[in-house]
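**Q** Okay, predicted coordinates and the sequence, questions at the end:
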Amino acid sequence: METRSFSDSSQFVDGYWQRPIPLQGPAPQAFNALEASLQPQTCGNCHPLQYEDWRTTLHSGAYSPGLSGQLVNWESYNYQSVRDCLVCHTPLSEQSAFVPNDSGALVRNPYFDASLQHQGLVCAACHQRGWQRYGPPRRDGSVDASPPGSPHGGVTRTTFFEDARFCSGCHQFAFPAPNGKSLQNTYEEWRTSRYADEGVVCQTCHMPDRRHLWRGIHDSTMVANGVTVEWTSRGSGDVALRVTNSGTGHRFPTYVTPEVLVRIELLDADRRPVPGATAEDWIKRSVEARGGVWVELTDTRLPPDSSLTVTAAAAGARYAVGSVIVFPDAFYQRVFARMLGGSPSDSSRVLIGEAHRRTRESVFSIFQDTVALDRVR
């Protein structure tokens with residue numbers, strides 16, 4: 001198999017993130033069994049911290065019940081649609097049951113590994129092309145070649161592992177773009193922010209100290225650290241709760257799946273709810289497919305350094321309860337509920353049922369506070 005180098009910028013941008021990633025082909029004869037494996041656990045023999053981090057991530061679960069529960073309905077008659085999803089969720093060609101032949105027709109993949117497919121975004125998807133390994137510079141910034149005899153022929157080091165464009169292949173969709181904004185627009189949201197100007201890249205927050213954690217909207221600590229929530233006053237008769245995107249390098253939240261509820265409930269002197277004295281607002285981007293075209297209904301997400309303030313008229317109340325509740329999978333919770341209400345196949349129903357359960361259980365709060373109103377007036 002032809003080998004390629006992606007050590008310079010033009011080759012990396014143009015070629016490294018072909019998706020699906022081309023088949024590795026037969027392993028070099030000099031490779032031992034570990035070197036000739038694409039399984040993440042074999043990488044863990046020499047990179048145990050990275051492997052254990054990866055096991056805890058959504059990347060390792062990218063071939064999720066929600067995804068596979070949808071794909072199982074297409075596998076027998078429309079595998080191209082399956083592949084359109086796999087290019088991000090399981091991007092190695094070895095993770096696809098069918099691959100294109102020289103004429104472009106899909107044929108059975110002799111290298112298909114179902115166990116590898118079920119492990120989602122595996123180590124090799126980011127670090128391997130044509131049996132060559134690639135990685136970031138050493139911690140001192142050097143990119144010197146590996147010494148002769150290094151395991152798996154060494155590693156080609158490139159600064160693009162520390163570049164935000166490395167993440168954009170899966171976190172920036174070219175289309176569709178309702179209201180001029182791509183459904184997955186994370187890279188562009190970052191690129192036009194002050195964080196890009198300051199050199200704070202995706203890896204800075206999502207891979208601190210090179211940890212392979214990629215924490216995001218499903219992690220309460222990560223979310224709480226990305227915003228500031230504070231009580232304020234809008235006047236003698238009002239109380240307000242303000243949420244500011246103070247530390248998230250893109251819109252809060254990014255993408256169309258999460259929703260965040262900001263809520264104030266007023267209580268009387270006995271800490272009982274005051275009837276009708278509740279105020280709330282949502283931080284979200286709502287989209288809907290209409291006639292095969294995605295339409296944006298609303299977008300109240302917070303660009304970096306912007307705020308949303310919810311205000312309640314506090315007359316007759318003594319206390320206020322403030323809440324900020326995160327629904328990481330709100331969009332898919334509705335999608336899966338509709339699917340279960342239809343007539344999915346038995347195998348699809350089992351998988352979608354599990355996915356729906358997970359979406360319901362993913363909800364969490366990043367702020368819950370009761371305050372006496374005389375403290376904020």
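**A** Everything's here; your move.
**Q** From here on, just use CA atoms for contacts and neighbour counts.
**A** Noted.
**Q** Following element in sequence after the helix or strand of the chain with the lowest mean pLDDT, please.
**A** Lowest by mean pLDDT, DSSP states H and E among the helices and strands of the chain is helix 9-11, with a mean of 61. Elements were assigned by DSSP states H and E; along the chain past helix 9-11, the next helix or strand is helix 40-43.
**Q** tell me the mean pLDDT for that next one?
**A** For helix 40-43, the mean per-residue pLDDT is 97.
**Q** Run through who's touching that helix.
**A** Leu34, Tyr51, Val122, Cys123, Ala124 (Cα atoms under 8 Å, 6 or more residues apart in numbering).
**Q** got the residues you listed as TSV, with neighbour count and pLDDT columns?
**A** TSV is the format used below for the contacts of helix 40-43 (neighbours: other Cα atoms under 10 Å; pLDDT from 0 to 100):
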residue	neighbour count	pLDDT
Leu34	14	95
Tyr51	22	98
Val122	28	98
Cys123	21	98
Ala124	21	98
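**Q** I'd say Trp131 and Ala27 touch.
**A** Yes: with contact defined as Cα atoms under 8 Å, Trp131 and Ala27 form a contacting pair (6.6 Å).
**Q** List the residues that are in contact with both of the two.
**A** Common neighbours of Trp131 and Ala27 (criterion: Cα under 8 Å, 6+ apart): Ala36.
**Q** And the two? Which one has more around it.
**A** Relative neighbour count places Trp131 above the other of Trp131 and Ala27, with 23 against 16, counting by other Cα atoms under 10 Å.
**Q** Strands of the stretch 251-377 of the chain, residue ranges please.
**A** Per DSSP state E, counting those that start in this stretch, the stretch 251-377 of the chain carries strands over the ranges 259-267, 273-290, 293-299, 307-313, 319-327, 364-372.
**Q** Which one, of these, ends up nearest to Asn45?
**A** strand 364-372 (35.2 Å; Cα to Cα).
**Q** a markdown table for the strands of the stretch 251-377 of the chain, including mean neighbour count?
**A** Below are the strands of the stretch 251-377 of the chain laid out as a markdown table (neighbours: other Cα atoms under 10 Å):
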| stretch | mean neighbour count |
| --- | --- |
| strand 259-267 | 23 |
| strand 273-290 | 16 |
| strand 293-299 | 14 |
| strand 307-313 | 19 |
| strand 319-327 | 23 |
| strand 364-372 | 15 |
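**Q** what's the closest of those strands to Phe252?
**A** With Cα to Cα as the measure, strand 273-290 is the member of these nearest Phe252 (7.8 Å).
**Q** Count the residues that sit near Arg108.
**A** By other Cα under 10 Å, 12 other residues sit near Arg108.
**Q** Surely it and Ala97 touch.
**A** Yes: at 6.0 Å, Arg108 counts as touching Ala97 under the criterion of Cα under 8 Å.
**Q** which among the contacts of helix 40-43 gets closest to Ala372?
**A** Taking Cα to Cα as the measure, Ala372 sits nearest to Tyr51 out of those, at 47.9 Å.
**Q** Wasn't that closest one part of a strand?
**A** No: assigned with DSSP: H, G, I helix; E, B strand; the rest coil, Tyr51 falls outside any strand and is helix.
**Q** For the closest residue to it other than its chain neighbours, list the residues it contacts.
**A** Distances taken as Cα to Cα, 6 or more residues apart in numbering put Gly44 closest to Tyr51, at 5.0 Å, once the chain neighbours are dropped. Neighbouring residues of Gly44 by Cα under 8 Å, 6+ apart: Gln50, Tyr51, Glu52.
**Q** Which residue, neighbours along the chain excluded, lies closest to the last one?
**A** If I follow you right, that is Glu52. Closest to Glu52 by Cα to Cα, 6+ apart is Gly44, at 7.6 Å.
**Q** Tell me the spacing between that neighbour and Glu35.
**A** 12 Å (Cα to Cα, to the nearest Å).
**Q** Low-confidence ranges, the chain, go.
**A** For the chain, residues meeting the criterion pLDDT under 70 lie at 1-11, 13-14, 234-236, 375-377.
**Q** which residue is nearest the middle of it?
**A** Geometric centre of the chain, nearest residue: Gly216, 6.6 Å, by Cα atoms, centre = their mean.
**Q** Let me know the helix or strand that the nearest residue to that residue once chain neighbours are set aside is in.
**A** With Cα to Cα, 6+ apart as the criterion, Gly216 has its nearest non-adjacent residue at 6.2 Å, and that residue is Met222. Assigned by DSSP H and E, Met222 belongs to helix 220-225.
**Q** Give the buried residues for the following helix or strand past that helix.
**A** Using DSSP H and E, the helix or strand that directly follows helix 220-225 along the chain is strand 228-232. By neighbour count on 16 or more other Cα atoms under 10 Å, the buried set for strand 228-232 is Thr228, Val229, Trp231, Thr232.
**Q** Sounds good, over and out.
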